[in-house]
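Student: what follows is a predicted protein model with its sequence.
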Amino acid sequence: MVHPQEVDIIVAGGGPAGCVVAGRLAYADPTLKVMLIEGGANNRDDPWASGILRGMHSSPFTLHRPGIYVKNMQNDGINDKATFYTDTVASSHLRGRKSIVPCANILGKEHIFEDSSVIQLFACSRWWKQMYTRASASDWDDFKTEGWTAKDLLPLMKRLENYQKPSNSDTHGYDGPIAISNGGTITALAQDFLRASDAVQAPFSDDIQDLNTSHASEIRVKYINRDTGRRSDAATAYVHSVMDVQTNLFLRTNARVSRVIFEGDKAVGVAYVPARNRGHAGQIMETIVKARKYVVVSSGTLGTPQILERSGVGNAERLQKMNIKVVSDLPGVGENYQDHYTTISLYRVSNESATSDDFLRGDKEVQKELFQEWEVSPEKARLSSNAIDAGFKIRPTEAELKEMGPEFNQLWDTYFKDKPDKPVMFGAIVSGAYADHTLLPPGKYITMYVLLFGSSSLQRNYRFQYLEYPASRGQIHIRSTSPYVEPEFDSGFMNNKADFAPIRWSYKKTREVARRMDAFRGELTSHHPRFHPASPAAAKDIDIQTAKGILPNAFTVGIHMGTWHKSGEIYDASKVHKDIEYSEEDDKAIDEWIADHVETTWHSLGTCAMKPREEGGVVDGRLNVFGTKNLKCIDLSICPDNLGTNTYSSALLVGEKGAQILAEDLGIKIKTPHAPVPCAPIPKGVPTTQMVKNAVTQV
Ligand SMILES: Cc1cc2nc3c(=O)[nH]c(=O)nc-3n(C[C@H](O)[C@H](O)[C@H](O)COP(=O)(O)OP(=O)(O)OC[C@H]3O[C@@H](n4cnc5c(N)ncnc54)[C@H](O)[C@@H]3O)c2cc1C
């Protein structure tokens, strides 16, 4: 079908929030013409976008299979499912290193990763993209905006979920389009992790995503449909579902929105360009689409401010330097960038442990077995999970707080202390090495993945932090009117020395958990701090007995670097572990390791903040861009404050809230339940893209 040149609503950007807005509005009113314009490819029928629907017989790698996610994270110059934003500014505390923030570039954005729901960890966006966590109630209350408290938002949180796990909490929804479950098989290592977590005072809970729990462990919950074993992504759930049953939702992919078109201060359409500028002798060839009612910019924390600036909405002085006509002078556009920190450390586990290592290494026999398992019973297959099956949220104890120093304690007192629902750290176990397997010795691994919410540099919209650490605010701005020119990006990453303390704490804490696991067989020394060899804290690698089990016929086990490797102790099931004691020198080694390896967590938010205009705000509580008409921003860029969570659920929620607001403005009603989500099982010979839930039974 030829797309119309004029519609009622244009949604620019098909990440999770954009998919929700476009799908909800189009389904609410079949007479409303909605166009969704996405810079990346369509995830439907892409065998490598984990999370999509696809014929089951075309390739052993067809992937809506959550276990394949890592491939979408490769920064190899070929993978175009992600955009990699590199800091323009090197961090003063990372020994001059620049950080990279990946961002999905595909419909449903997952989570090219974390949607970037298609990419999420192992599923959408970042390999973590499949991970379901939710912000604490007080995170939303902290927005201090009418209509945005946790209580206001709870019905919308429920509306988006098809929560498939038993729970005693009444905060979940059960007939929404996004399926949430534990995924397929839960590894034995996850249970081992939970027992060990309990030993470090992080007790088990059946639901730590209830908006209030901040210190407990759980079996991890993911954006995976329990019945089909497939990734549950926003594009499939909200957009493809509507396009299967109605004709008023127009999807344009591989199209980059260059700017919003204004008549005076009224948004009346957008101009877009091809995603790749390879034709027309490099000239910029724009296509214009008109919007009769609204233009919604949903291009994410990194994309939305760039579109606004190219359209004349931003800091007037900055725009005038590029000869851009100013529509609204909003100095807050592109400012207030926030994120989270992440570190990972690798541990050896027993040779009998079930991990994803052989599969990820490319062992053909193992791959065949796992793919076959998925074909036969995807609902319980190992590939119907990202192998991140357990995790915890925690807060530091009094003693730990003391050790973390005065700077962190200042943040604690201001931000965390009186809000007991806020965790400081989220930790999880990956049953396998999240690492390049060509660089690892043979054997079985677990990865301890840490996500840190309690940092000063990245939670910089607290007034005391502004005052105290003005250099640490992140920002993203255009350098040119061309949509093809990379922006100027300063994530503000690790520009505050105080951030080392909580990251150091999180390394020590997860190390104690790993050491208490039954499967623990040592630390992969290359993935730990370089402690002095004589320090009692020095990492110890695999014990000789386990090493011999890996290569029983080898002659070199135990020989290393012209000397003998520092072997770990042989496993002793009855051993009572004492916490490792660290000297000042050990802490220094940890800090150097942090400086070299800490990364952002791809939880970008805040660059078009919802707060009063005089405080640098860009949108009001109804998501209208100040100084314009018929223009809204609906994505995580609108968050004025940080959210202590993997942010996909929040992006979906902001999408639901935005759809609700627009429906009210338009005088229409959101329909629930949403259109039937295309789903498996897919009978042989039936084109999968046409399948909807009801049709399955008719075949
Ligand atoms: C690799 C990775 C893994 C992740 N894993 C998880 C996870 O496991 N769990 C979790 O909760 N969160 C995860 N996240 C975070 C989560 O994906 C994001 O918070 C969420 O996607 C943000 O949604 P959004 O709608 O605000 O914007 P985005 O997801 O950024 O979507 C914006 C969309 O707009 C498109 N776009 C940008 N500019 C333009 C333009 N000019 N024209 C047209 N289109 C444009 C982009 O291609 C993108 O599809 C992950 C993120 C990444 C990057």
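Tutor: That came through fine.

Student: give me the pLDDT value at the spatially closest residue to residue 149 that is not a sequence neighbour.
Tutor: Sequence neighbours aside, residue 141 is the residue nearest to residue 149 in space, at 5.1 Å (criterion: Cβ to Cβ, 6 or more residues apart in numbering). Using the backbone N, CA and C atoms, a C-beta is placed for each residue, glycine as well. Looking at residue 141, its pLDDT reads 97.

Student: quick one, phi/psi of residue 141?
Tutor: phi -60, psi -30 (degrees, to the nearest 10).

Student: same check on the one 10 residues further on?
Tutor: For residue 151, the backbone dihedrals (degrees, to the nearest 10) come out as phi -60, psi -40.

Student: with residue 249 instead?
Tutor: phi -110, psi 120.

Student: where in the chain is pLDDT low?
Tutor: For the chain, applying pLDDT under 70 flags the ranges 45-83, 109-129, 454-473, 561-565, 679-699.

Student: is it correct that residue 361 is in contact with residue 437?
Tutor: Yes: here residue 361 reaches residue 437: they are 4.5 Å apart, a contact under Cβ atoms under 8 Å.

Student: what's around residue 540, how many residues?
Tutor: Around residue 540 there are 15 other residues, counting by other Cβ atoms under 10 Å.

Student: which non-adjacent residue is nearest it?
Tutor: Ranked by Cβ to Cβ, 6+ apart and with sequence neighbours excluded, the top spatial neighbour of residue 540 is residue 568, at 4.1 Å.

Student: how near is the residue located most distally from the centre of the chain to residue 441?
Tutor: Computed with Cα atoms, centre = their mean, the residue of the chain farthest from its C-alpha average is residue 555, at 44.3 Å. Residue 555 is 16 Å from residue 441, where distance means Cβ to Cβ, to the nearest Å.

Student: residue 379 too?
Tutor: Distance, residue 379 to residue 441, by Cβ to Cβ: 35 Å.

Student: which of those two has more neighbours?
Tutor: Taking neighbours as other Cβ under 10 Å, residue 379 and residue 441 compare with residue 379 leading, 19 against 14.

Student: was I right about the more buried one contacting residue 185?
Tutor: No: contact criterion Cβ under 8 Å: residue 379 and residue 185 do not qualify, at 10.0 Å.

Student: give the contact list for the residue of the stretch 201-350 of the chain found nearest the ligand.
Tutor: Closest contact between the stretch 201-350 of the chain and the ligand, by Cβ to the nearest ligand atom, is at residue 300 (2.3 Å). Residue 300 is in contact with 13, 15, 17, 103, 109, 604, 635, 636, 637, counting by Cβ atoms under 8 Å, 6 or more residues apart in numbering.

Student: ok, back up a step: compute the number of surrounding residues for the residue nearest to residue 149.
Tutor: Counted with other Cβ under 10 Å, residues neighbouring residue 141 total 18.

Student: now do the domain split for this structure, please.
Tutor: If you go by automatic domain parsing, the domain ranges for the chain are 6-132+231-338+602-694, 184-221+341-452+495-597.

Student: now render the ones you listed as JSON lines, adding distance to residue 476.
Tutor: Listed next are the domains of the chain as JSON lines, based on distance: least, Cβ to Cβ, whole Å:
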{"stretch": "domain 6-132+231-338+602-694", "distance to residue 476": "5"}
{"stretch": "domain 184-221+341-452+495-597", "distance to residue 476": "15"}
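
Student: gap between the two ends of stretch 317-329?
Tutor: 9 Å (Cα to Cα, to the nearest Å).
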